[in-house]
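Next comes the sequence, and after it the predicted model I'd like to discuss.
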Amino acid sequence: MAYNSSIADTINSFIQIESSKPGSSIRFEYDKAKDVIDTVDILNIQHPNWNLRVDQYYDGVHVSR
């Protein structure tokens with residue numbers, strides 16, 4: 001399992017800022033980072049009230065409540 005702390009820090013910052021706002025969502029774009037799937041799997045466990053989904057081509061992550 002490969003955890004990318006840069007991806008996690010970016011997503012965690014958004015979640016922290018938007019945590020009090022219902023309906024918040026964003027899409028982060030990545031250059032097909034190999035470890036984006038593993039990182040999102042871990043973040044989904046850490047943030048059960050949020051929906052994190054990797055794009056079909058692994059070039060982005062959708063984050064929403």
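Structure's in. What do you need?

Spit out the contact partners of the nearest residue to Asp35 once chain neighbours are set aside.
Nearest residue to Asp35, sequence neighbours excluded (C-beta to C-beta, 6 or more residues apart in numbering): Ala2, at 3.5 Å. Backbone N, C-alpha and C define where each C-beta goes, glycine included. Neighbouring residues of Ala2 by C-beta atoms under 8 Å, 6 or more residues apart in numbering: Lys34, Asp35, Asp38, Thr39.

what's downstream of the longest helix along the chain, the next helix or strand?
Criterion DSSP state H: the longest helix present in the chain is helix 5-18. For helix 5-18, the following helix or strand on the C-terminal side (DSSP states H and E) is strand 25-29.

Sort out which residues of that following strand are buried, please.
Within strand 25-29, the residues scored as buried using 16 or more other C-beta atoms under 10 Å are Phe28.

which strands and helices sit next to the helix or strand following it?
Going down the chain from strand 25-29, the next helix or strand is helix 36-46, by DSSP H and E. In terms of contacts (3 or more C-beta pairs under 8 Å, 6 or more residues apart in numbering; DSSP states H and E), helix 36-46 is packed against helix 5-18, strand 51-54.

now the angle from the longest one to strand 25-29?
Using axes from the mean of the first three to the mean of the last three C-alpha atoms, to 10 degrees, one finds that helix 5-18 and strand 25-29 are set 160 degrees apart in direction.

and helix 5-18, C-alpha only, in PDB?
In PDB, the C-alpha atoms belonging to helix 5-18 read as follows (Å, rounded to 0.1, in the frame of the first residue of the first chain):
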ATOM      1  CA  SER A   5       1.300  12.400   2.200                       C
ATOM      2  CA  SER A   6       1.200  15.300  -0.300                       C
ATOM      3  CA  ILE A   7      -2.200  14.200  -1.700                       C
ATOM      4  CA  ALA A   8      -3.500  13.500   1.900                       C
ATOM      5  CA  ASP A   9      -2.400  16.900   3.200                       C
ATOM      6  CA  THR A  10      -4.200  18.700   0.400                       C
ATOM      7  CA  ILE A  11      -7.400  16.700   0.900                       C
ATOM      8  CA  ASN A  12      -7.200  16.900   4.700                       C
ATOM      9  CA  SER A  13      -6.800  20.700   4.500                       C
ATOM     10  CA  PHE A  14     -10.000  21.000   2.300                       C
ATOM     11  CA  ILE A  15     -12.000  18.800   4.700                       C
ATOM     12  CA  GLN A  16     -10.800  20.700   7.700                       C
ATOM     13  CA  ILE A  17     -11.800  24.100   6.200                       C
ATOM     14  CA  GLU A  18     -15.100  22.900   4.800                       C
END
